[in-house]
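**Q** Show me how the following folds:
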Amino acid sequence: MGENMVTEGATAARAVNAMTANWTREAVHQGGTVLTAAGVWPALALLADAADGPARRELEEALGIGAETALAHGRYLLTALGELPGVDTALGLWTREELPLRPEWLSRLPLETHGTLTGDVDADLERMNAWAARHTDGLIEKMPPVVDPDTLLVLATALVVRTTWRQPFDPSVTAPRHGPWAGRTLAGLHRTGPLSDEIGVAHTPDGPLTVLRVEGDSGLDVHLLLDAEGAPGGQVLRAGVAALGGAYPTTAGEALPTGVPGPGLTVETVASWAGTPVLRVAAVPFTVDGDHDLLDHAPLFGLRSARNASRGHFPGISDAPLAISAARQSATATFGALGFRAAAVTALAAAPGGVPPTPPHRAKLVHARFDRPFGFLAVHRASGLVLMAGWVSEPEEYRERLLPGMHISH
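**A** Residues are numbered from 1 along each chain as shown. Next up is the predicted model:
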């Protein structure tokens, strides 16, 4: 499936990443959050196929593809995502019995569920909440609040992303000396290994951006992004997506110069037994949640005209006039010592003693510290598709007794 995503899925991957970059620029500021355009784009594609008039043109612009091929691309993306190791997807549709659906549209949807809306909001939500929990491993327990007594149709996607680090972190305690987290004792993560191109500095128009790629064992990686202190989260994430696509020159691994070549980085030459370059990473574990009203950014998603309830916009779905009444996403992501887990539901409507001898070699040592607000991207390695994007603004306080031998970083 990985090679297939590189070829047939290239168009969808580029379009999803563009939507991710634009959405993060508009919606991510300084507060912690997580979002996934990969959960929104397929649903919009399925709607675009059935739309007409201004709504169709706006959805085409938001998707970056023509409406005539949108449903095929939406189907492909949902199927392709579901075939990736560590990723699960689902598509659900709920409609009122009195809404006549066009069989040709319904038959082309890769549905996991087609349920009925009764008009009893509590009962309808109970069934949809169970669907959301079942298809996100319980990470999302409730459907985003899009249902009211007048709702005729709900189209929803569920997305789960999981990976285990190839090189796990060790739990630690960190006490930042500078930045907004200074003076606090925080839960930390650290690891030491060979220096490679997993660490680099992208040279963006806004200045250097430090990027650390944390490799997972299922073809999924998480990229940690650190810009200048105080840089808006949306700016950092947008630059990270662009860097992922090769938009900026990047200095990586052993090419990093001595000194401070990028935010959070220190490069020096030290005594070494093996003589091989080393990367030391200090970071923090995190869990972030995001609840997003897509209609707050309706033009970005091609939903401005589709909100107009004075007429119908989706004749390809039903002869009955339909307009978008609600569009929301609930998401969560956790980064720990052993791996990463994230999920989203989108609905429309991880000491020697004594004095040692002097090591015989000199080697490069790169310290990478993520101990102030930073961004992250969960990425399918082969295709470059961004599955999740988020911003970490509030770290976890360290609450347990320091164990013998546990690392403390400053």
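**Q** Please enumerate the strands of the stretch 51-200 of the chain.
**A** Ranges of strands in the stretch 51-200 of the chain, per DSSP state E, counting those that start in this stretch, are 87-96, 113-117, 153-164, 170-174, 186-194, 199-204.
**Q** Pull the distance from the first one to the chain's centre.
**A** The one in question is strand 87-96. Centroid displacement of strand 87-96 relative to its chain, using Cα atoms, centre = their mean, to the nearest Å, is 20 Å.
**Q** Check the second one too.
**A** The chain centroid and the centroid of strand 113-117 are separated by 28 Å under Cα atoms, centre = their mean.
**Q** could you say what helices and strands it packs with?
**A** On a contact count with 3 or more Cβ pairs under 8 Å, 6 or more residues apart in numbering; DSSP states H and E, strand 113-117 meets strand 87-96, helix 121-134. Placement of C-beta: from N, CA and C, glycine included.
**Q** Adding distance to Ala306, mean pLDDT and mean neighbour count, write the strands of the stretch 51-200 of the chain out as CSV.
**A** Converted to CSV, the strands of the stretch 51-200 of the chain look like this (distance: least, Cβ to Cβ, whole Å; pLDDT from 0 to 100; neighbours: other Cβ atoms under 10 Å):
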stretch, distance to Ala306, mean pLDDT, mean neighbour count
strand 87-96, 17, 92, 21
strand 113-117, 19, 88, 16
strand 153-164, 12, 94, 24
strand 170-174, 47, 89, 19
strand 186-194, 43, 90, 19
strand 199-204, 34, 95, 21
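**Q** In TSV, list these along with distance to Gly245.
**A** Formatted as TSV, these follow (distance: least, Cβ to Cβ, whole Å):
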stretch	distance to Gly245
strand 87-96	20
strand 113-117	34
strand 153-164	20
strand 170-174	32
strand 186-194	27
strand 199-204	11
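**Q** where does the stretch 1-150 of the chain have low pLDDT?
**A** Counting by pLDDT under 70, the ranges of the stretch 1-150 of the chain that qualify are 1-9.
**Q** got the residue ranges for the helices in it?
**A** Counting by DSSP state H, counting those that start in this stretch, the stretch 1-150 of the chain has helices at residues 2-7, 10-27, 41-50, 53-63, 67-83, 103-107, 121-134.
**Q** Which among the ones you listed is found nearest to Leu212?
**A** Nearest to Leu212, of all the helices of the stretch 1-150 of the chain, is helix 10-27, at 18.2 Å by Cβ to Cβ.
**Q** contacts for that closest one?
**A** Outside helix 10-27, the residues that touch it by Cβ atoms under 8 Å, 6 or more residues apart in numbering are 5, 33, 35-38, 40-41, 62-65, 73, 76-77, 80, 233-235, 237-238, 241-242, 244-245, 292, 296-297, 300-301, 380, 383-386, 389.
**Q** Kindly recompute the last result at 7 Å.
**A** Helix 10-27 is touched from outside by 5, 35, 37-38, 40-41, 63-65, 73, 76-77, 234, 237-238, 241-242, 245, 292, 297, 300, 383-386, 389, with contacts defined as Cβ atoms under 7 Å, 6 or more residues apart in numbering.
**Q** what angle do that helix and helix 53-63 make?
**A** Relative orientation of helix 10-27 and helix 53-63, computed by axes from the mean of the first three to the mean of the last three Cα atoms, to 10 degrees: 100 degrees.
**Q** got the buried residues for helix 10-27?
**A** For helix 10-27, the neighbour count (16 or more other Cβ atoms under 10 Å) marks 12-25, 27 as buried.
**Q** Kindly indicate which of those lies nearest Asp206.
**A** Nearest to Asp206 among these: Arg25, at 12.0 Å, using Cβ to Cβ.
**Q** Could you measure from the residue nearest to Ala323 when sequence neighbours are not counted over to Pro149?
**A** Leaving aside its sequence neighbours, Ala323 sits nearest to Ala309 (Cβ to Cβ, 6 or more residues apart in numbering; 4.4 Å). Separation of Ala309 from Pro149 (Cβ to Cβ, to the nearest Å): 15 Å.
**Q** okay, those two: which has more neighbours?
**A** Taking other Cβ atoms under 10 Å, Ala309 and Pro149 do not tie; Ala309 has more neighbours (13 against 10).
**Q** Could you check how far the more buried one is from Ala326?
**A** In terms of Cβ to Cβ, Ala309 sits 12 Å off from Ala326.
**Q** contacting residues around Arg328?
**A** Residues in contact with Arg328 (Cβ under 7 Å, 6+ apart) are Pro144, Pro145, Val146, His292, Asp293, Leu294, Ala347.
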